[in-house]
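Student: structure for the following, please:
(one chain, ligands or ions: 1)
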Amino acid sequence: MNLYTVCRSCKKSNSIKSDAITRPDLQMEIGSEFTFNCNKCGNIEKVHVNDVSAEPNKKHILIGLILGVVSALILYFFYGAVGILSGVIPLLFWQVEMKSIKSFNSYMIRRK
Ligand SMILES: [Zn+2]
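Tutor: Below is the predicted model:
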């Protein structure tokens, strides 16, 4: 998944470079408030971790989809129809991704 915050000045979303999976992880990594430099308009402002949201990483989903289709085709070649079942693998990835996005977005840090 990707993390992003919306610039208060130009209202454009900017991605945040972090591998954090949950909001507390992100807080541990960058602190409750961090200085954010908008790469669209150059505005610099303080952003709270609660203002960071998660969204699906399209690249990961695409890779998962391609791997799923390729493995389904290969397994179909060897095992027939059963191999097609491996096509659900990307769906599982998608499900896990959506679940972590939902938990990230719904968990808020208590503001002091
Ligand atoms: Zn901006």
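Student: every contact and neighbour count from this point should use C-alpha atoms.
Tutor: Fine.
Student: and stretch 44-61, what's its mean pLDDT?
Tutor: What stretch 44-61 shows for mean pLDDT is 92.
Student: off-centre distance for it?
Tutor: In terms of C-alpha atoms, centre = their mean, to the nearest Å, the centre of stretch 44-61 is set 8 Å apart from its chain centre.
Student: I'd say residue 21 and residue 100 touch.
Tutor: Yes. Counting by C-alpha atoms under 8 Å, residue 100 is a contact partner of residue 21 at 7.0 Å.
Student: quick check: phi and psi on residue 11?
Tutor: phi 60, psi 20 (degrees, to the nearest 10).
Student: report how many residues lie close to it.
Tutor: 12 (other C-alpha atoms under 10 Å).
Student: what sits against it?
Tutor: If you count contacts by C-alpha atoms under 8 Å, 6 or more residues apart in numbering, residue 11 has none.
Student: and it, how far is that from residue 40?
Tutor: Noted for residue 11: a distance of 10 Å to residue 40, by C-alpha to C-alpha, to the nearest Å.
Student: could you do residue 93 as well?
Tutor: 31 Å.
Student: the two: which is more packed in?
Tutor: residue 93 (16 against 13).
Student: check which helix or strand the closest residue to the more buried one other than its chain neighbours maps to.
Tutor: Nearest non-adjacent residue to residue 93, counting by C-alpha to C-alpha, 6 or more residues apart in numbering: residue 64, 7.0 Å away. Per DSSP states H and E: residue 64 is located in helix 58-79.
Student: could you pull out the buried residues of that helix?
Tutor: 60-61, 64-65, 67-69, 71-73, 75-76 (16 or more other C-alpha atoms under 10 Å).
Student: okay, those in a markdown table with distance to residue 105 next?
Tutor: Shown next, in a markdown table, are the buried residues of helix 58-79 (distance: C-alpha to C-alpha, whole Å):
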| residue | distance to residue 105 |
| --- | --- |
| 60 | 19 |
| 61 | 19 |
| 64 | 23 |
| 65 | 24 |
| 67 | 28 |
| 68 | 27 |
| 69 | 30 |
| 71 | 32 |
| 72 | 33 |
| 73 | 36 |
| 75 | 37 |
| 76 | 38 |
